[in-house]
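> Here you go, sequence then predicted model.
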Amino acid sequence: DDEGRIYYVDHVTRITTYTDPRLAFAVSEDKEWRQRFDGHSTALQVLQGRDLTGRVAVVTGANCGIGFETARSLALHGAHVVLACRDLHKGNQAVKAIRAERAVAKVD
């Protein structure tokens with residue numbers, strides 16, 4: 001940019017960020033995992049490479065928005081996800097949408 005800072009462009013989403021995506025799982029000198037995500041990181045990016053088989057997650061507001069994307073990402077990574085929604089019909093639609101993407105997803 002004009003100030004000499006390096007920035008990165010996601011060519012899929014067209015989002016520009018100053019956070020280097022290669023540092024998402026960088027190892028620091030003391031060998032502990034340091035995760036660096038920014039406000040544009042998705043749940044799928046955060047969970048990339050993780051196996052959540054055998055884990056159970058309860059997600060509130062899972063029928064739309066951030067709750068849906070969180071529930072979807074957890075289910076796609078093998079977790080058994082319980083969708084906590086106020087509207088049963090919308091909750092059932094969310095379950096169908098997740099199962100349409102991955103039929104073996106454990107979603108209730």
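Everything's here; your move. Numbers count the residues shown, from 1 in each chain.
> which residue is nearest the middle of the protein?
residue 43 (1.1 Å; CA atoms, centre = their mean).
> How about the contacts made by that one?
Taking CB atoms under 8 Å, 6 or more residues apart in numbering, we find residue 43 in contact with 69, 70, 72, 73, 74. Placement of C-beta: from N, CA and C, glycine included.
> give me the number of residues near the nearest residue to it once chain neighbours are set aside?
Among residues not flanking residue 43 along the chain, residue 73 sits closest, at 3.6 Å (CB to CB, 6 or more residues apart in numbering). A count of nearby residues for residue 73, using other CB atoms under 10 Å, gives 23.
> count of residues packed around residue 45?
Residue 45 has 13 nearby residues by other CB under 10 Å.
> So it versus residue 92, what's the distance?
28 Å (CB to CB, to the nearest Å).
> do the same with residue 58
Applying CB to CB, the value for residue 58 to residue 92 is 17 Å.
> Dump the C-alpha coordinates for the lengthiest helix in the chain into PDB.
Using DSSP state H to assign secondary structure, the helix with the most residues in the chain is helix 88-101. C-alpha atoms of helix 88-101 as PDB (Å, rounded to 0.1, in the frame of the first residue of the first chain):
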ATOM      1  CA  LEU A  88     -38.400 -25.800  14.800                       C
ATOM      2  CA  HIS A  89     -39.300 -25.500  11.100                       C
ATOM      3  CA  LYS A  90     -36.200 -23.300  10.400                       C
ATOM      4  CA  GLY A  91     -34.100 -25.600  12.500                       C
ATOM      5  CA  ASN A  92     -35.200 -28.600  10.400                       C
ATOM      6  CA  GLN A  93     -34.400 -26.700   7.200                       C
ATOM      7  CA  ALA A  94     -30.900 -26.000   8.500                       C
ATOM      8  CA  VAL A  95     -30.400 -29.700   9.300                       C
ATOM      9  CA  LYS A  96     -31.600 -30.600   5.700                       C
ATOM     10  CA  ALA A  97     -29.200 -28.000   4.200                       C
ATOM     11  CA  ILE A  98     -26.200 -29.400   6.100                       C
ATOM     12  CA  ARG A  99     -27.100 -33.000   5.300                       C
ATOM     13  CA  ALA A 100     -27.500 -32.100   1.600                       C
ATOM     14  CA  GLU A 101     -23.900 -31.000   1.700                       C
END
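> Thanks a lot, see you next time.
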